[in-house]
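**Student:** Take a look and give me a structure for this.
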Amino acid sequence: MLIISSDLKLEACLYGWLLGRLGAETVIYHRSQIHFAPVHPAEIALHDLRTKRDVTLFPPKPESTIRQHGRSSCRVFTRATKSGATGTTISLRSGIFR
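**Tutor:** Numbering: from 1, shown residues only. This is a model prediction of the structure:
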């Protein structure tokens, strides 16, 4: 995403797309992702055009316990799928693999 001033000067070049603005100097944007998968959450960032500083708003750092558990569950499923395991089912309600 290119951010251009009213006099057509390049203000910033960000890898993502605009979600909104806070005043004239702050941009909220969704960072582009390499690919879309549950283990790669969307990233929302704030960019200050005056200081050229970029801050990640989401996902929060450090990861929550729930997020860590979800990522480890995805890893278990991915390993089982890649190894050709049969009879692997997922319970979406409980997040338990059987």
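
**Student:** Run a quick neighbour tally on the residue nearest to Pro41 when sequence neighbours are not counted.
**Tutor:** With CB to CB, 6 or more residues apart in numbering as the criterion, Pro41 has its nearest non-adjacent residue at 4.9 Å, and that residue is Pro59. Every residue, glycine included, has its C-beta placed from N, CA and C. Close neighbours of Pro59, defined as other CB atoms under 10 Å, add up to 13.

**Student:** just checking, Pro59 touches Glu43?
**Tutor:** Yes - the criterion here is CB atoms under 8 Å, and Pro59 meets it with Glu43 at 7.0 Å.

**Student:** Just the C-alpha atoms of stretch 62-78, please, in PDB.
**Tutor:** Only the C-alpha atoms of stretch 62-78 are listed here, as PDB (Å, rounded to 0.1, in the frame of the first residue of the first chain):
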ATOM      1  CA  PRO A  62       3.200 -12.700  24.100                       C
ATOM      2  CA  GLU A  63       0.700 -15.300  22.800                       C
ATOM      3  CA  SER A  64      -2.100 -16.200  25.100                       C
ATOM      4  CA  THR A  65      -2.300 -19.700  26.600                       C
ATOM      5  CA  ILE A  66      -5.400 -20.500  24.400                       C
ATOM      6  CA  ARG A  67      -3.600 -19.400  21.200                       C
ATOM      7  CA  GLN A  68      -0.500 -21.600  22.200                       C
ATOM      8  CA  HIS A  69      -2.800 -24.600  22.700                       C
ATOM      9  CA  GLY A  70      -4.500 -24.000  19.400                       C
ATOM     10  CA  ARG A  71      -1.200 -23.800  17.500                       C
ATOM     11  CA  SER A  72       0.000 -27.000  19.100                       C
ATOM     12  CA  SER A  73      -3.200 -28.800  18.200                       C
ATOM     13  CA  CYS A  74      -2.800 -27.700  14.600                       C
ATOM     14  CA  ARG A  75       0.800 -29.100  14.600                       C
ATOM     15  CA  VAL A  76      -0.400 -32.500  15.900                       C
ATOM     16  CA  PHE A  77      -3.000 -32.700  13.100                       C
ATOM     17  CA  THR A  78      -0.600 -31.600  10.400                       C
END
